[in-house]
Each structure stands twice: as structure tokens, then as C-alpha cells.
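Novice: Provided below for reference: sequence and predicted model.
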Amino acid sequence: MHPELFRIPFTTLTVKSYGLMMVIGFLAAVYIIRRLSRNITPDPMMITNCSLYALVAGVVGARIFYVLHHFDSFRGDLIRVFAIWDGGLELLGGVFAAIIVVILYVRYHKLPVRRYLDILAVGLMLALAFGRIGCFFSGCCFGKPNDLPWAIRFPYGSDAYHSQVFSDMARNRPEPQLELPSEFFETIEKNGMLFWQIKPLNQLTDQQRQQVTSGKYLCLPVHPTQLYASANAVILTVLLYLFWKRAQQRATPPKLFTKPGSTFALMFILYGITRFFEEFLRDDNPFEYGWWTIYKGGTISQNLCIYMLVFGIILMLVFQKLPADNPPRRG
């Protein structure tokens, strides 16, 4: 786990691995979107401008989604809402916000919306593949404990370690998964309330440090769900690209599901299905029981995935009824 890659010389600023992978994913997505849209874009700079707007919207949307999902932790200290550098982004919120901005931008410039959304779907999945590697370096989005040969251990003090040494009623877990003696904990005061937390590693004795880094209180091995998600995103990128490529081949009569917008709709269907099952291996998101939940007791992501699946199917059917648009061509 490497949440911070290095410190910028002569400053106190550090380069975060999650942020760096987001930037790499963004650049990769912009590259592939520019390549795929070269025949329908009158000015390639429009893609770059649209991507920059989408990036900003994605960060804001991811932060808003995270804050709404964990609002209790921000009570009494709302200034922390803006402290993005301390972590706290949820990709689904960023994706939804970016899609809205792209639609508005493309419509404003009177460009073929559905054709751009098809290409955006390929770029989004590629960006997600890099983003999930950032999650792996940061230690978020961790999986459940298991004994598989490829299971990984996160270090003392990581999100996974915190999850294992505390009970978690939000996940119906009344007992901790890893029994840590009381001498490893301390009480702190925050906003007038007392909280129980594990001591920083540098405050442990030599014996205690050995026990949590290589001894019996080592973090339990967990599913590398971040890498599963990254691999899934790569596979979906390839599948969506092949589906989009198929739609570009002229055929009479037209092939089924080749109308503009079909690739974008397929993204919701495929990602909704794969992310739904991925959640069964994760151990970080709380279960949801709100009035809006379809899957009672599932996580918020699983419920959103069901909505995404239904939305994708509806989009796919609607787009088949709409006439194909005529994209502007360069030159």
C-alpha cells in the first residue's frame, strides 16, 4: 500500500497515488476518445475541452457522492467537506457527474450526442481501470478476508485493518474479525465526543510493532478487489470497443443494436452486472435498508447497479427506435 508516492522537494506537499492514477486514467481516456471521434469531430480541441470539464465535474461529483454517503463523519466539521486531499471520493458519483457535463457540452455545440456517448463509454471504462489501481495503492475498496493463494494483506493502520479490529453493525458484524488486545487502543476526543481508535504505529512498543507487522496481529489476508475491478474494467473496455466497432460497419439491413447510443447503453448493463457481483467480495461498503432500496440489505452500490442495469436496458430499447443522426465530418 502506497497512498503517497513521494514528497515534492522543498514543500510539504505529496503526490498521492490515487490522484496520479486518476490523472493517468484521464489522459488515457482523452487519447482514446480523440482517436475514436476523429471522424465525427469538427475540431479535436473540442474533445480536450469537454474532457477537462468532465474531469472537474467528475472530481466534484465523486466528492459529493462520498460526503452524502458518509455525512455523519462530517457533522460538526463541514469545512472537511472541501478537504479532498485527505481522501474521500466515490467513483460512481464522479462518473454520473461527468456524463451529465458531457451531454450538456455536446448538446450546446450541436454535436451528435449519442455518438459521443458511445465513445465516452469506452473512455470511461479505460479510465476506471487506472482509477482502481489507485484504489489498490490507497488501500480503499478492500475485500473480505479469505485464504486464497492470491489474497493480500494490508498494513497496520490501513482501512482494511481498521475494519477488521472493530465491529461493524452497518455490515451486520457485531464482533471484530481480528481480536486486538486493549493496549493497542487509545481514546481521543473529537468535537466534544470520545472515540476509540488504534494507536499510531510509532506509539507502539517494539514487541507490539512486531506483532502487528509480522506476528499474530497481522492484518488478515483479503480479496484484492481493487485489482479484480481494474481487470474487469479492462475487459469491459475491450468488449465495448468491439461492440462500438461493429456498429460502425455499414450493413443492409442494419445489424441489431447498432444504432448510435447502443454502446453507451451497454456500458450501464455490463458494468451494472459485474459491479453488483463484485460487491459480494468487498468488505467496505455498508448495507442499505432505505425506502429506495430494491435489494434489501445490499450495499448502496448494489442497489445503484440494479438501477443502472434497468436504465441501460431501457436506453438500449429506446435508441433502437430513434433515427440515426448524421455526424459532422472533418474537412
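Specialist: Received it, and whenever you're ready, just let me know what you need.
Novice: And the strands in the stretch 151-300 of the chain, which stretches?
Specialist: Counting by DSSP state E, counting those that start in this stretch, residue ranges of the strands within the stretch 151-300 of the chain are 185-190, 193-198.
Novice: and residue 153, which of these is closest to it?
Specialist: Closest to residue 153 of the strands of the stretch 151-300 of the chain, according to C-beta to C-beta: strand 193-198, at 16.0 Å. Placement of C-beta: from N, CA and C, glycine included.
Novice: ok, and what's touching the closest one?
Specialist: Strand 193-198 is contacted from outside by 156, 157, 161, 162, 165, 180, 184, 185, 186, 187, 188, 189, using C-beta atoms under 8 Å, 6 or more residues apart in numbering.
Novice: before we move on, the earlier item: can I get the strands of the stretch 151-300 of the chain in TSV with mean pLDDT?
Specialist: Converted to TSV, the strands of the stretch 151-300 of the chain look like this (pLDDT from 0 to 100):
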stretch	mean pLDDT
strand 185-190	84
strand 193-198	83
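Novice: Among those, which comes closest to residue 36?
Specialist: Per C-beta to C-beta, nearest to residue 36 of those: strand 193-198, 48.0 Å.
Novice: Partner strands of the closest one and their direction?
Specialist: Looking at strand 193-198 with DSSP bridges, its partner strands are strand 185-190 (antiparallel).
Novice: could I have the strand it pairs with exported to CSV, CA atoms only?
Specialist: Presented in CSV, the C-alpha positions along strand 185-190 are these (Å, rounded to 0.1, in the frame of the first residue of the first chain):
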residue,chain,number,x,y,z
PHE,A,185,-6.1,1.2,21.5
GLU,A,186,-6.4,4.7,22.8
THR,A,187,-9.3,7.1,23.5
ILE,A,188,-9.4,10.5,21.7
GLU,A,189,-11.7,13.5,21.9
LYS,A,190,-13.2,14.9,18.7
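Novice: To residue 129, which of the strands of the stretch 151-300 of the chain lies closest?
Specialist: Nearest of the strands of the stretch 151-300 of the chain to residue 129, taken as C-beta to C-beta: strand 193-198 at 32.8 Å.
Novice: how about JSON lines for the strands of the stretch 151-300 of the chain, with distance to residue 17 and mean neighbour count added?
Specialist: Formatted as JSON lines, the strands of the stretch 151-300 of the chain follow (distance: least, C-beta to C-beta, whole Å; neighbours: other C-beta atoms under 10 Å):
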{"stretch": "strand 185-190", "distance to residue 17": "27", "mean neighbour count": "10"}
{"stretch": "strand 193-198", "distance to residue 17": "23", "mean neighbour count": "12"}
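Novice: Now tabulate the ones you listed in JSON lines and tack on distance to residue 211.
Specialist: As requested, the strands of the stretch 151-300 of the chain are exported to JSON lines (distance: least, C-beta to C-beta, whole Å):
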{"stretch": "strand 185-190", "distance to residue 211": "14"}
{"stretch": "strand 193-198", "distance to residue 211": "12"}
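Novice: Just the helices from the stretch 151-300 of the chain, written as ranges.
Specialist: Ranges of helices within the stretch 151-300 of the chain are 159-165, 206-213, 225-248, 262-278, 300-321, based on DSSP state H, counting those that start in this stretch.
Novice: Tell me how the protein divides into domains.
Specialist: 4-144+223-321, 159-213 (automatic domain parsing).
Novice: I'd like to know which of those lies nearest to residue 152.
Specialist: Closest among these, using C-beta to C-beta: domain 4-144+223-321, at 5.0 Å.
Novice: Mean confidence (pLDDT) on the closest one, please.
Specialist: Averaged across domain 4-144+223-321, pLDDT comes to 85.
Novice: just how off-centre is it within its chain?
Specialist: 7 Å (C-alpha atoms, centre = their mean, to the nearest Å).
Novice: Just confirm residue 106 is within a helix.
Specialist: Yes - assessed by DSSP: H, G, I helix; E, B strand; the rest coil, residue 106 belongs to a helix.
Novice: returning to what we had before: any idea which of the strands of the stretch 151-300 of the chain gets closest to residue 310?
Specialist: Closest to residue 310 of the strands of the stretch 151-300 of the chain, according to C-beta to C-beta: strand 193-198, at 40.2 Å.
Novice: which residues touch the most centrally placed residue in the chain?
Specialist: Nearest to the mean C-alpha position of the chain, by C-alpha atoms, centre = their mean, lies residue 91 at 3.1 Å. Residue 91 makes contacts with 62, 128, 131, as judged by C-beta under 8 Å, 6+ apart.
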